[in-house]
Each structure stands twice: as structure tokens, then as C-alpha cells.
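Enquirer: model the following, please.
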Amino acid sequence: MNGIPKAAILRQLDRVLDSFAFRGKTSLRDFLSFSVRETIAGRADDLKEFTIALKVFGREGSFDPATCPIVRVQAGRLRATLARYYQGEGQDDDILIELPRGHYSACVSRRSTSLPVVVVAPFSNQSPRRSLAGFRQCLQQEIVHALAQLRSYRIVVPWAADDGLATALLAFAAARGQATVVWGSMRKFGHRIRLTCQLIDTASGTCLWSGSLERTDSHALELQAEMVTAILRQLRPNRPALPGRTIVAFPPARARRVRARALALAHKEMTS
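Expert: This is a model prediction of the structure:
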């Protein structure tokens, strides 16, 4: 099955069946297990509606698929449950198990590892007395949630209140290859909140996009939503950059200095 060893497929099957998504769903667990095991045994062509009704759902030999849709209904539920698993608990699994529409034999493949990486770093809270701590955490979570809906990126998220971690994370990404880092700052002055965000390419030190928004604190949720939307529009595949935004490219020499400084700060932070 696409060159994947049988033992690896069975381990992935056990992982899926033991997941929260399949908890308490005995019929779906039995359906998936039967489909996968019959497929890897070379009997995929025998997985017909009648056979599954008898061997998985305990129907009698008089079962008529034309009058009883149990297999088709359960197949739909199984596909939906598998999708929920891979969108949640199994989002980092290397092996995908699917039940293609129109078929009852399992399809097993390896997840593509070529997805670009986006690092959503915590915004630096520049407000007096750190008054935006809760807002800061919610903003990071909303950005992650919005990007996850695209299913076009591998998302790296540092959950920490330490602003210095953003620098360490940028250095980490730069040392290990290309990634786009989402980070910025927030400041509250009086009854107004200002957000500034940059998208940084770690491979070149280039600032791909920079944007800022400002609203009154009574419109904090609207401010958060606007910033998330602006970031999403920049990172959505095959979408042009927003007009009227600042694009700044560091010269190569400065890019090297920025990266070297980030690496030095990260090393000092991690060893102190």
C-alpha cells in the first residue's frame, strides 16, 4: 500500500482506533478495522456492501442493500470521523488512513512533508503593567485557529508568556531552514490599543509584510479580528499582497547580522 510496511499501517490503525474521536463508536471501529485489515491482506476487491453488512454489522444472508442503507450510512459517518481525527489528534501523524467515496476499501498513504512552516510567535506586550496579557494570548490563539483552517501550512506555536522566546524561536527557525514567522507588538495608551505585526522570512531575513491597526479598547475584539484577517489574507495561498502595506527587505549583510544577533540572544537565553 504505497510502499508502507504492513506493521506501520497496523500501528497507525491502532492509534486511530484508540483516539478520542473513535471513543464509544464500536461499529465505526469495527468497520475501519475490517476495511484496513482486508485491504492489506489483498482482499480489497471483496469489500462489497453485502460482505460488510454480514461481517461487520451482523446482518443475515437475506440482507438487501437496496432496501437497507446501513453500510452506506456508516461509511459516511466513518469518513467524517476520520476527517475529525486528522484535523485534531492526528494532525501530525505521518500515515493517513482514508475511506474514499464510492469505495469500502481503505486507502493508506503518507502525509506530504512539503508543507511550508509558519511560526506564530507571541506578540510583545509593550503596555504598562502588562495590561494586555489576556488579549495577547487570545490573539495568538485566533491566528493559529485561522491558519489551521487553511490546511496549507505546518504551524509551530510556542505557548509561553516570555517575550524573549520569540527571539529564540526566530533563531531556531532560521537555523533549521525556511519558515515564515508571524510576530509583532501591542501597546495600550489611554483607551486605545495599537497592534503592529510583521511576517518575516527566516531564510533571507526579509520582512515580507508589515501592518498596524489601532482601535479603542471598547473595540478590542474587532481589532483582534481585523488583524487576524489581515494576516490570513497575506498567507492565503495564491493571494496577492494587500495594497497600501509596507514591504521592507533587509539588505543581505543586514539580514546576516539580524540572524547572528538572534542566534546569539537565543543561545544566551537558553544557557543562562
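
Enquirer: name the element Val36 belongs to?
Expert: Assigned by DSSP states H and E, Val36 falls within helix 26-40.

Enquirer: how about that helix: buried residues?
Expert: By 16 or more other Cβ atoms under 10 Å, the buried positions in helix 26-40 come out as 28-36, 38-40. C-beta coordinates here come from the backbone N, C-alpha and C atoms, glycine included.

Enquirer: and which of the residues you listed is nearest Lys48?
Expert: Glu38 (10.9 Å; Cβ to Cβ).

Enquirer: which residues touch the closest one?
Expert: 44, 46-47, 105 (Cβ atoms under 8 Å, 6 or more residues apart in numbering).

Enquirer: list buried residues within those residues.
Expert: 44, 47, 105.

Enquirer: of the buried residues of helix 26-40, closest to Ile4?
Expert: Ile40 (9.2 Å).

Enquirer: skipping adjacent residues, who's closest to Glu98 in space?
Expert: Spatial nearest neighbour of Glu98, excluding adjacent residues (Cβ to Cβ, 6 or more residues apart in numbering): Cys107 at 4.7 Å.

Enquirer: I'd like to know how far the one you found sits from Gln178.
Expert: Cys107 sits at a distance of 31 Å from Gln178 (criterion: Cβ to Cβ, to the nearest Å).

Enquirer: try Gly190
Expert: On the measure of Cβ to Cβ, Gly190 and Gln178 end up 40 Å apart.

Enquirer: and Asp94, by the same measure?
Expert: 21 Å.

Enquirer: contact partners for the closest residue to Cys138 other than its chain neighbours?
Expert: For Cys138, ignoring the flanking residues on the chain, the nearest one in space by Cβ to Cβ, 6+ apart is Gln224 at 6.7 Å. For Gln224, the contacting residues are 135, 138-139, 142, by Cβ under 8 Å, 6+ apart.

Enquirer: now with 7 Å?
Expert: 138-139, 142 (Cβ atoms under 7 Å, 6 or more residues apart in numbering).

Enquirer: hey, C-alpha coordinates of the host helix or strand of it in CSV?
Expert: Gln224 belongs to helix 220-235 when assigned by DSSP H and E. The C-alpha coordinates for helix 220-235 follow below in CSV (Å, rounded to 0.1, in the frame of the first residue of the first chain):
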residue,chain,number,x,y,z
ALA,A,220,-10.7,45.1,21.2
LEU,A,221,-12.4,42.1,19.7
GLU,A,222,-12.9,43.9,16.4
LEU,A,223,-9.2,44.9,16.4
GLN,A,224,-8.2,41.3,17.0
ALA,A,225,-10.4,40.1,14.2
GLU,A,226,-9.1,42.7,11.8
MET,A,227,-5.5,41.8,12.5
VAL,A,228,-6.2,38.1,12.1
THR,A,229,-8.0,38.8,8.8
ALA,A,230,-5.1,40.9,7.5
ILE,A,231,-2.5,38.1,8.3
LEU,A,232,-4.8,35.5,6.8
ARG,A,233,-5.1,37.4,3.6
GLN,A,234,-1.3,37.7,3.3
LEU,A,235,-0.7,34.0,3.9
